[in-house]
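>>> the amino acid sequence is not available; the structure is as follows:
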């Protein structure tokens, strides 16, 4: 089991460029998430997908779009990158088991927007 | 929505001493409280969790306590070791709209000085 796989690991963009961050999980989880991590700000939820076919905005969705391609894959797209989107991006997946909701994270994508 | 406050933001302790990280939450419907550890350059990983009907849980040198009335929960690490140096995130989780919503604290950077 690879768990949660994110690509790419690093990316440098110029302002206005677009890109898609890819995420795939092999744990058959229903829920998937995209977070950004900035110094002093913790993990902030961008978008989530509670199950295949559904997506919803999180705390900081502006400037992003997502696609839940199938149960395994959840991609994050930046249509016109801005310097404020320089961050480390984490994808995660989870499967609620009763009260538990353990999040399994990918290795992260370090994005710089110049 | 849920608000999770975490403090301190940074903590330095001598090897062998104890470390305590505290969190408060606002939503009384939250019923699951995980703690994640993120080593430098790595992904966050679950280290311990507690549910709302339990007051304390221990796993070797780490323990978590929960005061549901006061909406406080804390992580205790005893006999700290250099490998405990990391960023620790608390989180509060509840079921919302058929999906388990997780809100993270901003993180505490723990440094264990040899």
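Okay, I see it. A quick note: this is a predicted structure, and the numbers were derived from the prediction, not measured.
>>> give the next helix or strand downstream of the lowest-mean-pLDDT helix or strand in chain B.
One helix or strand of chain B scores below all others by mean pLDDT, DSSP states H and E: strand B:99-104, with a mean of 84. Going down the chain from strand B:99-104, the next helix or strand is strand B:108-113, by DSSP states H and E.
>>> contacts for that next one next, please.
With CB atoms under 8 Å, 6 or more residues apart in numbering or on different chains as the test, strand B:108-113 has contacts from B:6-15, B:19, B:21, B:77, B:80-89. Placement of C-beta: from N, CA and C, glycine included.
>>> stretch B:1-17 too?
By CB under 8 Å, 6+ apart, stretch B:1-17 touches A:40, A:42, B:19, B:21-27, B:30, B:79-82, B:89-92, B:94, B:101, B:103-114.
>>> are any of these buried, and if so which?
Buried members of the contacts of stretch B:1-17, counted by 16 or more other CB atoms under 10 Å in any protein chain shown: A:42, B:19, B:21-25, B:27, B:30, B:80, B:89-92, B:94, B:101, B:103-110, B:112.
>>> chain A: strands as residue ranges?
Under the criterion DSSP state E, chain A contains strands at A:4-7, A:10-13, A:19-25, A:31-38, A:42-49, A:56-57, A:64-68, A:74-78, A:87-94, A:104-105, A:109-113.
>>> for the ones you listed, which one sits closest to residue B:64?
Nearest of the strands of chain A to residue B:64, taken as CB to CB: strand A:42-49 at 18.2 Å.
>>> quick check: buried residues in that closest one?
In strand A:42-49, residues buried by neighbour count (16+ other CB under 10 Å) are A:42-49.
>>> now it: how far from the chain's centre is it?
7 Å (CA atoms, centre = their mean, to the nearest Å).
>>> who does it pair up with?
strand A:31-38 (antiparallel), strand A:56-57 (antiparallel) (DSSP bridges).
>>> geometric centre of chain A: which residue is closest?
residue A:34 (2.5 Å; CA atoms, centre = their mean).
>>> report pLDDT for that one.
Residue-level confidence at residue A:34 comes out at 97, pLDDT.
>>> what's it in contact with, if anything?
Contacts of residue A:34 by CB under 8 Å, 6+ apart are A:21, A:23, A:45-48, A:58, A:64, A:66, A:74, A:76, A:89-92.
>>> give me that answer again for 10 Å
A:6, A:21, A:23, A:44-49, A:55, A:58, A:60-61, A:64, A:66, A:74-76, A:89-92, A:106, A:109 (CB atoms under 10 Å, 6 or more residues apart in numbering or on different chains).
>>> buried among the residues you listed? Make that a PyMOL selection.
Of the contacts of residue A:34, the buried ones go into a single PyMOL selection, burial set by 16+ other CB under 10 Å:
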select buried, chain A and resi 6+21+23+44+45+46+47+48+49+55+58+60+61+64+66+74+75+76+89+90+91+92+106+109
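>>> got any ranges where chain B has weak pLDDT?
B:97-98 (pLDDT under 70).
>>> can you list the residues of it near chain A?
With the criterion set to CB under 10 Å from any CB of the partner chain, chain B comes near chain A through B:1, B:4, B:6, B:9, B:31-32, B:34, B:36, B:38, B:41-46, B:49, B:51-53, B:87, B:89-91, B:93-109.
>>> how about the closest residue to residue A:47 other than its chain neighbours, what does it touch?
Residue nearest to residue A:47 in three dimensions, not counting chain neighbours: residue A:66, with 4.3 Å by CB to CB, 6 or more residues apart in numbering or on different chains. Contact partners of residue A:66, counting by CB under 10 Å, 6+ apart, are A:20-21, A:23, A:32-34, A:46-49, A:55-58, A:74-77.
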